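Chemist: Structure for this input, please:
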Amino acid sequence: MKGSTEYSERRNKLLVALHQARAQAFLITGLPSVRYLSGFTGSDGYVLLTTERSILITDPRYEIQAAQESDCEVRIVKGPLLKEVATWVRRFRLTALAVEQNRIGFDEYTELRAALPKVRLKPISGAVEHLRMIKSAAEVATIKASVQLNSAALEQALKSFKPSLSEVDFAAEIEYRMRRLGADGPAFETIVASGARTALPHAHPTDRPIQPDQLLLVDMGARVAGYCSDMTRTHAVGKLNPKVRRMYRAVLESQLAAIDSVKPGATCTAVDRAARDVLRGYGWDRLFIHSTGHGLGLEIHEGPRVGRKDRTKLEAGMVITIEPGVYLENVGGIRIEDTVAVTKSGGEVLTPTGKELVVL
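Modeler: Down below sits the predicted model:
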């Protein structure tokens, strides 16, 4: 095995959860967690972790790649990977194997139970995800690079924007710009909605032409070196009526209040409440129908959830989104979202794109 790396340090931290579960090994099946613990970026692989060894098991397509990327022992398997896992469990004479309760598939779990009838399978939920909530300086830097690329993609796409362009065409232009700038790809399907469709928080782009004197909402994220960014901006295509402009002002004030409340020790509940209190003052808190934000990293949605019921305390190293919104049926919706890093002194907004109402 190679010397100490960021990946081996993460695996050592995970051994605490293994000890608490009174298991002798931990089988990691979720691909984001496999990448986090081993460096391997392929689409098929498991990590078997014991107190003494870390084994990456994958298929022949990744023989060269796995050796280049991972600091684990690499085992290349022709055939079912779980069969190889079972072989190692028996070889190590294990009696208790921890598995990722929230990641392992039912078929995988059933297959393991059949192959290892004398081994106790101990489900553990969220152990790797808990580690992933606190980003290293290198991870934060990668997320920042993703955020900056994401903003640059929107800036470039807006230069070619014109009314009558369809939502789906504008979404395609945005994702094209991401790729040209060096992104792995979009972190999720780009949301472009116009007019009354902006009241749909997760609207899918359609071939509907974007009309003048309407709202245009864009929710987009890039993936750079595996790490995600997330940003929403709402624009005016021409003139907007005073009520819609007031909605924009309310959401912006709500978002700024939530960002101001971000600091180590603050609960996610408190940040969420800061956003809702502003909207309540405008009489629009009931039109805010989702949480204020979420963590992000190797996945677009990670812990913590910045919502009413998540009492997780923020810690330096967490990276979250702040994205309040107001949605009024048959009128439209407004959402403003930034990616924010939690630092020792507060919240650092990583998103460079301005938040003033832009008229296209």
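Chemist: which residue is nearest the middle of the protein?
Modeler: Most central in the chain under CA atoms, centre = their mean is Ile300, positioned 1.8 Å from the mean C-alpha point.
Chemist: just checking, it touches Phe188?
Modeler: Yes - between Ile300 and Phe188 there is a contact under CB atoms under 8 Å: 5.1 Å. For glycine as for every other residue, the C-beta is placed from the backbone atoms N, C-alpha and C.
Chemist: can you list residues touching both of the two?
Modeler: Listed contacts common to Ile300 and Phe188 are Gly221, Cys228; contacts here mean CB atoms under 8 Å, 6 or more residues apart in numbering.
Chemist: Quick one: residues contacting Asn330.
Modeler: If you count contacts by CB under 8 Å, 6+ apart, then Asn330 has Ala196, Ala199 around it.
Chemist: those helices in this structure, which residues are they?
Modeler: 6-20, 31-38, 63-69, 81-91, 106-115, 127-132, 137-159, 167-181, 242-260, 268-282 (DSSP state H).
Chemist: can you list the ones you listed in a markdown table and add mean neighbour count and mean pLDDT?
Modeler: A markdown table is the format used below for those (neighbours: other CB atoms under 10 Å; pLDDT from 0 to 100):
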| stretch | mean neighbour count | mean pLDDT |
| --- | --- | --- |
| helix 6-20 | 16 | 94 |
| helix 31-38 | 23 | 98 |
| helix 63-69 | 14 | 97 |
| helix 81-91 | 17 | 97 |
| helix 106-115 | 14 | 96 |
| helix 127-132 | 20 | 96 |
| helix 137-159 | 19 | 98 |
| helix 167-181 | 19 | 98 |
| helix 242-260 | 19 | 97 |
| helix 268-282 | 20 | 98 |
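Chemist: how about these in JSON lines, adding distance to Ala341?
Modeler: Compiled in JSON lines, those are given as follows (distance: least, CB to CB, whole Å):
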{"stretch": "helix 6-20", "distance to Ala341": "18"}
{"stretch": "helix 31-38", "distance to Ala341": "18"}
{"stretch": "helix 63-69", "distance to Ala341": "26"}
{"stretch": "helix 81-91", "distance to Ala341": "36"}
{"stretch": "helix 106-115", "distance to Ala341": "35"}
{"stretch": "helix 127-132", "distance to Ala341": "15"}
{"stretch": "helix 137-159", "distance to Ala341": "6"}
{"stretch": "helix 167-181", "distance to Ala341": "21"}
{"stretch": "helix 242-260", "distance to Ala341": "11"}
{"stretch": "helix 268-282", "distance to Ala341": "14"}
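Chemist: So which of those helices is nearest Leu350?
Modeler: Closest to Leu350 of these is helix 137-159 (CB to CB; 4.5 Å).
Chemist: List the contacts of the closest one.
Modeler: With CB under 8 Å, 6+ apart as the test, helix 137-159 has contacts from 6, 135, 170, 173-175, 177-178, 181-183, 187, 218, 220-231, 233, 296-297, 317, 319, 339, 341, 350-353, 360.
Chemist: rerun that using 7 Å as the cut-off
Modeler: For helix 137-159, contacts defined as CB atoms under 7 Å, 6 or more residues apart in numbering pick out 135, 170, 173-174, 177-178, 181-183, 218, 220-225, 227-229, 231, 233, 297, 319, 339, 341, 350-353.
Chemist: relative orientation of that helix and helix 6-20 in degrees?
Modeler: 120 degrees (axes from the mean of the first three to the mean of the last three CA atoms, to 10 degrees).
Chemist: Only the buried subset of the contacts of helix 137-159, as a ChimeraX command please.
Modeler: The buried subset of those, as determined by 16 or more other CB atoms under 10 Å, is captured in ChimeraX by this line:
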select :135,170,173,174,177,178,183,218,220,221,222,223,224,225,227,228,229,231,233,297,319,339,341,350,351,353
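Chemist: I'd say Asp272 and Arg308 touch.
Modeler: Yes - Asp272 is within contact range of Arg308, at 5.5 Å (criterion: CB atoms under 7 Å).
Chemist: circling back: OK, contacts around the residue nearest to the centre of the chain?
Modeler: Ala187, Phe188, Gly221, Cys228, Asp230.
Chemist: Can you tell me the closest non-neighbouring residue to the third one?
Modeler: Distance criterion CB to CB, 6 or more residues apart in numbering; nearest residue to Gly221, sequence neighbours excluded, is Ala187 at 3.4 Å.
Chemist: I'd like to know how far the one you found sits from Thr339.
Modeler: Separation of Ala187 from Thr339 (CB to CB, to the nearest Å): 11 Å.
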